[in-house]
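>>> Next input, structure requested:
(2 chains)
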Protein chains: 2
Amino acid sequence: MATINYPENPSPVADAEAIRKACQGWGTDEKAIISIFGHRNATQKKLIRRAYEELYNEDLVKRLESELSGHFEKAVYRWILDPEDRDAVMLHAAIKETPIPDYRVIIEYSCIYSPEEFLAVKRAYQARYKRSVEEDLAEHSAGDLRKLLVALVGIYRYAGKEINARVANTEADNLHSAICNKEFNHEEIVRIISTRSIPQLIATLNRYKDDYGSSITKHLRDDANAAKEYLVALRTTIRCINDPQKYYEKVIRYAINESGTDEESLTRVIVTRAEKDLKDIKELYYKRNSVTLDHALSKHTSGDYKAFLLALLGNDN
Amino acid sequence: MATINYPENPSPVADAEAIRKACQGWGTDEKAIISIFGHRNATQKKLIRRAYEELYNEDLVKRLESELSGHFEKAVYRWILDPEDRDAVMLHAAIKETPIPDYRVIIEYSCIYSPEEFLAVKRAYQARYKRSVEEDLAEHSAGDLRKLLVALVGIYRYAGKEINARVANTEADNLHSAICNKEFNHEEIVRIISTRSIPQLIATLNRYKDDYGSSITKHLRDDANAAKEYLVALRTTIRCINDPQKYYEKVIRYAINESGTDEESLTRVIVTRAEKDLKDIKELYYKRNSVTLDHALSKHTSGDYKAFLLALLGNDN
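Reported below is the predicted structural model:
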């Protein structure tokens, strides 16, 4: 379930006018911006952008970029774009990270999003950057990590629910034999993980656990023969396939920690999930950490950024 | 340009009734079937199938399968399905070929069809077979050939016209250095060929020719280090990218030869291109062979199959 609260039919024109007012004069009224955008869904945000453009002949996204700053600005920017466009922006940034791409973003979109949602992101990426996700990723990665990631983004997965038990059986064995031989980068592993449908893969992973007494991620432990980042990416992929919400909870848990907050990841999970299943992720977070996400987040973030995230979490009273 | 001739607004009901009549009683009136289906475009065929189903509560495709036989039946079957559905059927058959998939079909669809057309084929494939093209292909191929083909079908290519001359330059050099080292299965070759947009690849291939004095296909000659079928598939890919019509002319030329006709390939090219560019392919054929395609085809095929293909070629008087 989603976390954000929004009125049913807010006036896009009134919203655009209020935002204009918040941006005028000395300083910006961040609270007004949060009180509006913290409570609008994707369609409503689109209508506000359109109304603003028509009223003031100015791009609202650009205006806010120049008015706001820091993590708050980044979060607002990502929140007010259309979802597929926002994801294209984040995917592009993830691919261009050095020395290696931020594979988590790539894996999330390719394994957690539905094939149609991911296709929409690819289309938005092409419209924005005039290149394909695939060519940029292939150019900016190397080795086994490239093999895995390019295969993951390239596949238009089957989205049906059918499961073939025989295939699950055979492929659980194939995975196990590659792992036993410490061939963590074996072609078969990449083939199975990247091409099979999600329900089929879950059946295969369950079968693996039943037959070999442990989850496959436990068997994919660091090994001298495989590049560390490849192995971590492979485990991440399997987690995203197996249980997306549990995976997101973990990303948030690691992002909020005593040694410093990873605002990039925190923002990403909150803006991408607030309209989808952030409520469930919050519940998992509470179960795992015995403290509410709102509370943890309040402790580790501050100012407008904190106020905005709390609004997206459905808690800004 | 297309080859088939068709009336502007034929009555789907009258067509369905005529086909019903042709199928009734002793024997089938193949001429009547050819006179109708040889002169209908994709939309008209769809309307006939629908009218037939409504009138007689029977699937026309199945009925014709049982009425007709041999190469003629196969050609009619492929012609009357919706294009994306027909392509899904042919792709499936190509993937399941033993000992290795018929890579020509796979390469044609992935490199000659537009990204949107190819996506429609993938969707039709999933609807029909409840699996993805990618998983079936990955399961039924191996080695370097698999790497190339899975990469080709997996990519949602950028369809824009922009070309980056710097990239063309660098990647022509990268291709050349892999080829000089006889690393025909080098990751870079597969990466470049499978991910770049078609206009970008053409620029790169032109650059290669300018800088190294010969087309890349001439340099990709049989070598002990690379599997023969992989090399042939790679050359086929480059030909499909470079000049689809020239490629199709060659397929037809090889399909019609003194030692026996390859009806499978002949049918494929004619049914998939008759509504697109078969006229241009015919002209190329004449230029290359000094004999018209209609004439060559008349000499090497016979009966209803011949009459049907000639109708699709726009010549059945």
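
>>> residue contacts, the residue of chain A found nearest chain B?
Across chain A, no residue is closer to chain B than A:Gly154, which sits at 2.9 Å (Cβ to the nearest Cβ). For every residue, glycine as well, the C-beta is placed using N, CA and C. Neighbour list for A:Gly154: A:134, A:194, B:134, B:150-151, B:154-156 [criterion: Cβ atoms under 8 Å, 6 or more residues apart in numbering or on different chains].

>>> Among these, which lie within helices?
In helices, defined here by DSSP state H, the members of those are A:134, A:194, B:134, B:150-151, B:154.

>>> Which among the residues you listed count as buried?
A:134, A:194, B:134, B:150-151, B:154 (16 or more other Cβ atoms under 10 Å in any protein chain shown).

>>> export those residues to JSON lines and tack on pLDDT and distance to B:Gln44?
Converted to JSON lines, those look like this (pLDDT from 0 to 100; distance: Cβ to Cβ, whole Å):
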{"residue": "A:Glu134", "pLDDT": "96", "distance to B:Gln44": "37"}
{"residue": "A:Ser194", "pLDDT": "95", "distance to B:Gln44": "40"}
{"residue": "B:Glu134", "pLDDT": "95", "distance to B:Gln44": "33"}
{"residue": "B:Val150", "pLDDT": "95", "distance to B:Gln44": "37"}
{"residue": "B:Ala151", "pLDDT": "94", "distance to B:Gln44": "37"}
{"residue": "B:Gly154", "pLDDT": "90", "distance to B:Gln44": "34"}
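
>>> Output these as TSV; include the columns distance to A:Glu53.
Output for those, formatted as TSV (distance: Cβ to Cβ, whole Å):
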residue	distance to A:Glu53
A:Glu134	32
A:Ser194	40
B:Glu134	40
B:Val150	43
B:Ala151	41
B:Gly154	37
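
>>> Could you find the closest non-adjacent residue to the residue of chain A closest to chain B?
B:Gly154 (2.9 Å; Cβ to Cβ, 6 or more residues apart in numbering or on different chains).

>>> A:Pro83 now?
Nearest to A:Pro83 is A:Ala42, by Cβ to Cβ, 6+ apart, at 5.6 Å.

>>> give the contact list for that neighbour.
A:Ala42 makes contact with A:82-83, A:275, according to Cβ under 8 Å, 6+ apart.

>>> roughly how far out does the helix or strand bottoming out on mean pLDDT in chain A sit from the chain middle?
Sorted by mean pLDDT, DSSP states H and E, the helices and strands of chain A end with helix A:216-219, the least confident at a mean of 90. The chain centroid and the centroid of helix A:216-219 are separated by 23 Å under Cα atoms, centre = their mean, to the nearest Å.

>>> Check the average confidence over whichever helix or strand comes after that helix, would you?
Sequence order places helix A:228-242 as the next helix or strand after helix A:216-219, per DSSP states H and E. For helix A:228-242, mean pLDDT rounds to 94.

>>> how far is helix A:228-242 from where the chain is centred?
15 Å.

>>> Would you mind listing the buried residues in stretch A:52-62?
Neighbour-count burial for stretch A:52-62 flags A:52, A:60 (criterion: 16+ other Cβ under 10 Å).

>>> got the contact list for that stretch?
With contact meaning Cβ under 8 Å, 6+ apart, stretch A:52-62 is reached by A:13, A:16-17, A:19-20, A:48-49, A:63, A:77, A:80-81.

>>> thinking again about what came up before, what's in contact with the least confident helix or strand of chain A?
Residues outside helix A:216-219 that contact it (Cβ under 8 Å, 6+ apart): A:175-176, A:179, A:205, A:208-209, A:212, A:235, A:238-239.

>>> The helix or strand containing A:Lys306 - contacts with which helices or strands?
In the assignment (DSSP H and E), A:Lys306 maps to helix A:303-312. Judged by 3 or more Cβ pairs under 8 Å, 6 or more residues apart in numbering or on different chains; DSSP states H and E, helix A:303-312 is in contact with helix A:30-37, helix A:70-80, helix A:263-273, helix A:293-300.

>>> pLDDT averaged over the third one - what is it?
This points to helix A:263-273. 96.

>>> ok, stretch A:203-211 near chain B or not?
No: Stretch A:203-211 stays clear of chain B (Cβ under 8 Å from any Cβ of the partner chain), getting no nearer than 11.9 Å.

>>> Which positions within that stretch qualify as buried?
A:203-205, A:207-208.

>>> Specify which member of the residues you listed is nearest to A:Lys250.
Of all the buried residues of stretch A:203-211, A:Lys250 sits closest to A:Leu205, with 17.1 Å by Cβ to Cβ.

>>> Alright, that wraps it up for me.
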